[in-house]
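Participant: quick check, what structure comes out for this input:
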Amino acid sequence: MRIYTRQGDQGQTRLADGSCLSKTHIRVESYGLVDELNSQIGLLIANLPENATVLSPMLQLIQQEMFDVGSELAFPCEAQNSALWQVSEIWTRRLEAEMDQFSETLPPLRQFILPGGSPAAAQAHVVRTLTRRCERQLVLLSQHEPLNPALLPYINRLSDWFFVLARVLLQREGKAEIVWCKASER
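Facilitator: Purely as a prediction, here's the structure:
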């Protein structure tokens, strides 16, 4: 089976129902960003330190969910309804519970943290910021077309989850967080 179809050579792409949209349409940009996010999560999994591989199943579940998000977004505006939607409030509550559990072992957050400290923690911050970009794009899409009402809270919480994960990764690696200092204190 060939992977290429040549159907997109003129700047159009097919949605899941077979209809066509420009590759620059906000819906296409939205699910493209979700795909990019999923790839970056894969890179994070590949770069987990050995003492943090227990986190792989959580991250792989999020990758599965990102694919579900993308599949929801791959249907046109007219098809958006509860029969299609897979993202649910349960997903958001799970992320909150995991963050609460992670936070039990973390020191209180008293300063802003800069991305970095280790390759895995830095990649978690890359994923966090890309999640925020996805969120902004989904807010834009929601201003023009209907979306699953559970989607924005889930994506919002997911970026928080990756922030906490970056802290967890540094803790597991025994590395210090890099804190931001005011210009007058540098």
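Participant: can you pull the contacts of the most centrally placed residue in the chain?
Facilitator: For the chain, the residue sitting closest to the mean C-alpha position, by Cα atoms, centre = their mean, is residue 131 at 4.0 Å. Residue 131 makes contact with 37, 155, 158, 159, 162 under the criterion Cβ atoms under 8 Å, 6 or more residues apart in numbering. (Each C-beta comes from the backbone N, C-alpha and C, glycine too.)
Participant: tell me the one of those residues nearest residue 85?
Facilitator: residue 155 (13.7 Å; Cβ to Cβ).
Participant: tell me which residues touch the closest one, please.
Facilitator: Residue 155 makes contacts with 69, 131, 134, 135, 138, as judged by Cβ under 8 Å, 6+ apart.
Participant: now, the most widely separated pair of the contacts of residue 131?
Facilitator: Largest separation among these by Cβ to Cβ: 155 and 162, giving 11.1 Å.
Participant: quick one, helices of the chain?
Facilitator: Under the criterion DSSP state H, the chain contains helices at 26-46, 56-73, 89-103, 119-142, 151-173.
Participant: nearest to residue 111, of these?
Facilitator: Residue 111 lies closest to helix 151-173 among the helices of the chain, at 12.1 Å (Cβ to Cβ).
Participant: so for the closest one, what gets flagged as buried?
Facilitator: Buried residues in helix 151-173, counted by 16 or more other Cβ atoms under 10 Å: 151-159, 161-173.
Participant: quick check, nearest of the contacts of residue 131 to residue 126?
Facilitator: residue 162 (8.9 Å).
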